[in-house]
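Undergrad: Generate a structure from the sequence data that follows.
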Amino acid sequence: MAGVISHHLKVDPDHWGQPLGIAGSFRVLADNPDFATLLGNIGSVLHLPTPFQPKIHYLWNCQPTPLGYYFADLLEGAKNKAHRFGREIKKQPQRLSLLLAIKAALVAVDSAGSA
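TA: Purely as a prediction, here's the structure:
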């Protein structure tokens with residue numbers, strides 16, 4: 001997660017989960033058969049119980065609403081884990097080297113994909 005989030009230099013942890021435009025919600029295509037296949041593949045690789053079918057809300061909201069999943073608590077937990085990871089990684093040079101290698105690979109792949 002650290003590699004994916006941090007490979008964009010413009011990512012600011014203080015603004016994670018903030019809407020990028022005027023939309024205050026987004027739809028997750030969790031009901032798409034390809035999404036189910038992806039989750040199954042992830043579950044298989046991670047040796048999770050099969051079939052791996054977690055309950056994923058379809059509509060996510062940036063503000064509290066009865067019509068969708070308000071993800072503020074999830075986001076706050078992710079921020080706390082990222083902060084803790086940042087402190088831990090400084091003490092572990094091998095993990096830091098791995099993170100930097102992953103980030104470099106993601107920047108290269110992202111750039112190639114954008115081209």
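
Undergrad: switch to C-alpha atoms for all contacts and neighbour counts from now on
TA: OK.

Undergrad: For this structure, just list every one of the helices.
TA: Counting by DSSP state H, the segments of the chain that form helices are 2-6, 33-45, 72-89, 93-114.

Undergrad: Contacts only, for the residue lying closest to residue 57 once chain neighbours are set aside.
TA: Nearest residue to residue 57 in three dimensions, chain neighbours excluded: residue 69, at 6.3 Å (C-alpha to C-alpha, 6 or more residues apart in numbering). When contacts are counted by C-alpha atoms under 8 Å, 6 or more residues apart in numbering, residue 69 touches 57, 58, 59, 60, 61.

Undergrad: same question, residue 70
TA: Neighbours of residue 70 in contact, by C-alpha under 8 Å, 6+ apart: 60, 61, 62, 63, 64.

Undergrad: How many residues are close by residue 103?
TA: Using other C-alpha atoms under 10 Å, residue 103 has 19 neighbouring residues.

Undergrad: how close does it get to residue 74?
TA: As judged by C-alpha to C-alpha, to the nearest Å, residue 103 and residue 74 stand 24 Å apart.
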